[in-house]
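Chemist: Generate coordinates for the sequence data below:
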Amino acid sequence: MAHPAVVEVRRSDRRRRMVSARREGDTVIVFIPGWMSDAEERRWVDEMVRRLERSEARRRSPARKGDAALRRRSVELSRRYLEGRAEPSTVRWVPPMRTRWASCTPVDGTIRISERLRDVPGWVVDYVLVHELAHLLEPGHDEPFWAWVHRYPRTERAMGYLEGLSAAAGLGMQGIDGEDGPAQPDEPGEPVAESG
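Modeler: Okay, here's the model as predicted:
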């Protein structure tokens with residue numbers, strides 16, 4: 001495996017099992033137990049550098065950079081999975097919502113994504129965007145709506161991820177499909193569709 005410019009290994013006799021890594025500037029520092037052999041060290045350095053790079057790549061996902069990037073990603077996903085038919089007027093990050101991950105107002109094409117999702121894997125954000133984009137085609141959570149959503153290949157996996165995230169964080173978010181009842185508007189009189 002090709003390593004970054006500098007990898008520093010720090011051994012510690014106090015460290016018993018755990019291996020960890022972090023980046024400090026251009027240097028990746030890998031922390032390992034002092035008892036590890038050179039072969040185990042090489043294997044763990046490769047593994048931890050790979051994990052760190054993968055984690056950093058997820059955080060650099062273009063959709064995370066701002067509203068304009070989020071909108072560009074939604075247009076790309078609409079083309080790929082929804083025949084380009086879902087055309088949002090705005091797509092933006094909003095402060096964390098109390099009971100949902102995202103919302104859509106089909107009447108004016110507005111999509112809002114909770115900032116709680118900024119640090120989840122990109123494929124989860126993509127699912128939420130596809131879910132909300134599908135509401136521009138089908139406002140409810142009926143069979144035609146789900147036919148659109150399930151064109152995104154990681155739908156079931158992303159729904160499970162969000163359910164687990166909600167449970168682990170004790171957020172009490174509503175079900176992903178709105179199965180806990182009809183969508184409730186964010187503001188009085190504003191019809192919205194929701195994603196968990």
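Chemist: Buried ones in the strand or helix carrying Met159, by neighbour count?
Modeler: Secondary structure from DSSP states H and E places Met159 in helix 155-169. Residues of helix 155-169 classed as buried by neighbour count (16 or more other CB atoms under 10 Å): 155, 158-159, 161-162, 165-166. Where C-beta positions appear, they are placed from N, C-alpha and C, glycine not excepted.
Chemist: for stretch 93-102, same thing?
Modeler: Under the neighbour-count criterion of 16+ other CB under 10 Å, stretch 93-102 has 93, 97, 100-102 buried.
Chemist: Any regions of the protein where pLDDT drops low?
Modeler: By pLDDT under 70, the low-scoring segments of the chain are 1-5, 56-64, 169-196.
Chemist: can we see that at 50?
Modeler: Within the chain, the ranges that satisfy pLDDT under 50 run 1-2, 175-194, 196.
Chemist: circling back to that earlier point, would you point out the most distant pair within the buried residues of stretch 93-102?
Modeler: Trp93 and Arg100 (14.0 Å; CB to CB).
Chemist: coming back round to it: centre of the chain to the helix holding Met159, how far?
Modeler: Centroid separation between helix 155-169 and its chain, computed with CA atoms, centre = their mean, to the nearest Å, is 10 Å.
Chemist: do the same with stretch 119-129
Modeler: With CA atoms, centre = their mean as the basis, stretch 119-129 stands 3 Å off its chain's centre.
Chemist: mind listing what's buried in the lengthiest helix in the chain?
Modeler: Looking across the chain with DSSP state H, the single longest helix is helix 38-59. Using 16+ other CB under 10 Å as the test for burial, helix 38-59 gives 41, 44-45, 48-49, 52-53, 58.
Chemist: could you check the angle helix 38-59 makes with the helix or strand containing Phe31?
Modeler: Assigned by DSSP H and E, Phe31 falls within strand 27-33. If you take axes from the mean of the first three to the mean of the last three CA atoms, to 10 degrees, strand 27-33 sits at 130 degrees to helix 38-59.
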